[in-house]
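[1] Next comes the sequence, and after it the predicted model I'd like to discuss.
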Amino acid sequence: MYDVAIIGSGPAGLTAAIYTARAKLATVVFEGPQPGGQLTTTTDVENYPGFIEGIQGPDLVDNMRKQAMRFETECLQEVVKELKHKDDRFIIECESGKQFESLSVILASGAVARLLPDVDTKRLSGFGVSSCATCDAFFFKGQDVAVVGGGDSAVEEALFLTKFAKKVTLIHRRDSLRAEKILQNRLFDNDKITVRFDNQVVDVNREDINAETLQHIHIKNVKTAEEEMLSVTGMFIAIGHDPAVHFIQNSEQKFKELLRKNSYIETYKGRATTNIPGVFACGDVVDDIYRQAVTAAGSGCMASLEAIGYLDKVKNGS
Ligand code: NAP
């Protein structure tokens with residue numbers, strides 16, 4: 001029986017763990033399908049306070065994990081399947097078949113990368129199509145690649161890819177980027193990058209549908225409807241994320257009711273508390289606006305303080 005079960009191991013979950021474990025509460029972190037979360041697929045993090053020269057994303061989250069473990073947090077390589085609530089406790093069922101019990105739960109399961117809705121890229125996933133330049137850029141040394149999207153992620157991926165690829169084409173559906181100005185400036189200053197505004201990817205490997213790896217893509221100008229083939233062996237999709245709430249959708253009705261229309265978790269305004277006493281939420285699974293490592297860490301702190309207060313009342317009646 002744990003005091004605090006934290007679902008998710010990104011900056012939100014690990015910050016929460018540092019606080020609750022340090023408060024001498026028995027704390028467990030369910031690391032989920034991607035231990036460390038999205039930071040593990042980032043390179044330079046230059047805007048997390050305290051690191052003058054920046055830090056690599058995987059190093060940052062690894063430090064957080066070690067810090068949480070220093071206070072005796074248990075980190076389990078388990079993927080949560082379903083939550084239940086029985087009497088005074090929450091039951092956490094995992095895909096491995098194991099069950100755990102806890103007096104409180106902190107939901108910090110983050111978000112997952114979106115795929116192109118109208119193009120079947122699944123069969124080429126890992127064979128030219130990727131959502132993570134950090135993980136896969138190395139495989140595209142000297143090749144021509146495309147990045148889809150116009151936000152910070154797309155621009156960062158495009159910049160990172162220039163270290164390996166011969167040419168990078170950024171494809172964006174509108175005529176202006178959403179990314180931070182500083183990143184846009186770096187993008188436009190980079191000779192290896194071409195930006196194709198007002199274009200959508202409409203097909204992959206159309207001329208060679210049986211090819212086992214990506215050979216080319218077709219893009220369509222949304223203003224002129226003109227189509228064009230681009231010969232690329234890599235396509236990096238960076239069009240945003242969806243909250244990782246599959247296990248909540250599998251759970252009993254009262255947990256499902258925690259979800260907003262867009263599937264992000266609802267918390268009370270300015271708080272990390274939810275409609276269920278003893279259940280708290282933080283990080284990207286709540287936040288569809290800021291989605292920064294530092295805001296996730298901050299909200300993890302909020303969730304932990306709420307949990308500490310709640311457990312104090314439950315255990316000591318104070
Ligand atoms: P995002 O800001 O939501 O941008 C998604 C991009 O994909 C948008 O340009 C969007 O186009 C495009 N898009 C969405 N659906 C599409 C579709 N079906 N087809 C084609 N294009 C599509 O996502 P993000 O770039 O992943 O960033 C998420 C958050 O993380 C942001 O708050 C960002 O600031 C933050 N972030 C920060 C850093 C950093 O600070 N170093 C790095 C990465 C991410 P429209 O513009 O037309 O909507």
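    Arrived safely, thanks for sending.
[2] Please save the CA atoms from stretch 4-20 in PDB.
    Extracted in PDB, the C-alpha atoms of stretch 4-20 (Å, rounded to 0.1, in the frame of the first residue of the first chain):
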ATOM      1  CA  VAL A   4       1.100   8.300  -3.400                       C
ATOM      2  CA  ALA A   5       0.900   6.600  -6.800                       C
ATOM      3  CA  ILE A   6       2.200   8.800  -9.500                       C
ATOM      4  CA  ILE A   7       1.300   7.900 -13.100                       C
ATOM      5  CA  GLY A   8       3.900   9.300 -15.400                       C
ATOM      6  CA  SER A   9       7.600   9.900 -15.300                       C
ATOM      7  CA  GLY A  10       8.200  13.200 -17.000                       C
ATOM      8  CA  PRO A  11       9.100  16.400 -15.200                       C
ATOM      9  CA  ALA A  12       5.600  16.700 -13.700                       C
ATOM     10  CA  GLY A  13       5.500  13.200 -12.200                       C
ATOM     11  CA  LEU A  14       9.100  13.200 -11.000                       C
ATOM     12  CA  THR A  15       8.900  16.700  -9.400                       C
ATOM     13  CA  ALA A  16       5.800  15.500  -7.600                       C
ATOM     14  CA  ALA A  17       7.700  12.400  -6.500                       C
ATOM     15  CA  ILE A  18      10.600  14.500  -5.200                       C
ATOM     16  CA  TYR A  19       8.200  16.400  -3.000                       C
ATOM     17  CA  THR A  20       6.100  13.600  -1.700                       C
END
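[3] Quick one: mean pLDDT over that stretch.
    Regarding stretch 4-20, the rounded mean pLDDT is 98.
[4] Also stretch 205-214?
    pLDDT averaged over stretch 205-214 gives 95.
[5] Show the end-to-end separation of it, please.
    6 Å (CA to CA, to the nearest Å).
[6] residue contacts, the residue of the chain found nearest the ligand?
    Relative to the ligand, the nearest point of the chain is Gly151 (2.4 Å; CB to the nearest ligand atom). (C-beta placed from N, C-alpha, C; glycine too.) Residues near Gly151 by CB atoms under 8 Å, 6 or more residues apart in numbering: Leu177, Arg178, Ala179, Ala238, Ile239, Gly240.
[7] Find me the pLDDT at it, would you?
    Reported pLDDT at Gly151 in the predicted model: 96.
[8] before we move on, back to that, near the ligand, which of the contacts of Gly151 show up?
    Arg178, Ala238, Ile239, Gly240 (CB under 6 Å from any ligand atom).
[9] possible to save these as CSV with pLDDT?
    Shown next, in CSV, are the ones next to the ligand among the contacts of Gly151 (pLDDT from 0 to 100):
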residue, pLDDT
Arg178, 97
Ala238, 95
Ile239, 96
Gly240, 87
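[10] Which among these count as buried?
    When the ones next to the ligand among the contacts of Gly151 are checked for burial by 16 or more other CB atoms under 10 Å, the buried set is Ala238, Ile239.
[11] per-residue confidence averaged over the longest helix that the chain contains?
    Longest helix in the chain by number of residues (criterion: DSSP state H): helix 293-316. The pLDDT scores in helix 293-316 average 97.
[12] Now do the buried residues in stretch 192-212.
    Ile193, Val195, Arg196, Phe197, Asp198, Asn199, Gln200, Val201, Asp203, Val204, Asn205.
[13] Start and end of that stretch, how far apart?
    For stretch 192-212, the end-to-end distance is 27 Å (CA to CA).
[14] same question, stretch 159-173
    Start-to-end, stretch 159-173 (CA to CA) is 19 Å.
[15] So what's the gap between that stretch and the chain middle?
    21 Å (CA atoms, centre = their mean, to the nearest Å).
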